[in-house]
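A.B. asks: Need a 3D model of the sequence below.
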Amino acid sequence: MPAIYEYHHTVTEAEIDGQGHANNVVYVAWMQSAAIAHSTAQGFSAEAYQRLGHGWVVRSHQIDYHHPVVENEQIVVRTWVATMQRVTSVRRYRIHRRADDRLLATAETKWAFVDLATGQPVRIPPEIAQAFELVGSQSGV
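C.D. replies: Numbers count the residues shown, from 1 in each chain. Okay, here's the model as predicted:
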């Protein structure tokens, strides 16, 4: 799989707020969907993490909004893993409009790898760390 994963989505009426554009909270949902799809493509689905008894939880999100998104627009969320440390990882995102590739938002999520039963951080297993090619820069994305 490519180091930079592309998640495609068409903006629905339910995602639009009173100002006529995509609500801020749906960007987080798109980011999570893209991250899950990327992980699944790399062989680590939600079910695989359940079997391991370990998985990812969000520590923080940072989103910069550049242009509004409206209903029925087709977007692409490009995502990649920028860092993978002992128990944490940083994933980055660039959200574009498919029609003209206009940059709509940039974002970053800091994840922690935890024991699903206790919530305590645990070391990221080598097979998971090695499943994701690190892309440290946003250049060329």
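A.B. asks: CA atoms for contacts and neighbours, from now on please.
C.D. replies: OK.
A.B. asks: List the residue ranges of this structure that fall below the pLDDT cut-off.
C.D. replies: In the predicted model of the chain, residues 1, 137-141 satisfy pLDDT under 70.
A.B. asks: hey, where'd the helices end up in it?
C.D. replies: Using DSSP state H, the helices found in the chain span residues 24-41, 46-52, 126-129.
A.B. asks: Could you dump these into JSON lines with distance to Tyr93 added?
C.D. replies: Listed next are the helices of the chain as JSON lines, based on distance: least, C-alpha to C-alpha, whole Å:
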{"stretch": "helix 24-41", "distance to Tyr93": "7"}
{"stretch": "helix 46-52", "distance to Tyr93": "20"}
{"stretch": "helix 126-129", "distance to Tyr93": "19"}
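A.B. asks: I'd like the ones you listed as TSV, with mean neighbour count and distance to Ala107 appended.
C.D. replies: Putting the helices of the chain into TSV (neighbours: other C-alpha atoms under 10 Å; distance: least, C-alpha to C-alpha, whole Å) gives the following:
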stretch	mean neighbour count	distance to Ala107
helix 24-41	17	8
helix 46-52	12	22
helix 126-129	12	21
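A.B. asks: The ones you listed: which one's closest to Thr83?
C.D. replies: Evaluated over the helices of the chain, closeness to Thr83 peaks at helix 126-129, with 9.6 Å, by C-alpha to C-alpha.
A.B. asks: could you dump that closest one to CSV, C-alpha only?
C.D. replies: Taking C-alpha atoms only, helix 126-129 is exported to CSV below (Å, rounded to 0.1, in the frame of the first residue of the first chain):
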residue,chain,number,x,y,z
PRO,A,126,7.1,-4.1,15.8
GLU,A,127,4.7,-5.7,13.3
ILE,A,128,2.4,-2.6,13.7
ALA,A,129,5.2,-0.1,13.5
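A.B. asks: what's next to that helix, contact-wise?
C.D. replies: Contacts of helix 126-129 with the rest of the structure, by C-alpha atoms under 8 Å, 6 or more residues apart in numbering, involve 44, 84.
A.B. asks: what about 7 Å?
C.D. replies: Residues outside helix 126-129 that contact it (C-alpha atoms under 7 Å, 6 or more residues apart in numbering): Met84.
A.B. asks: Alright, I will stop here.
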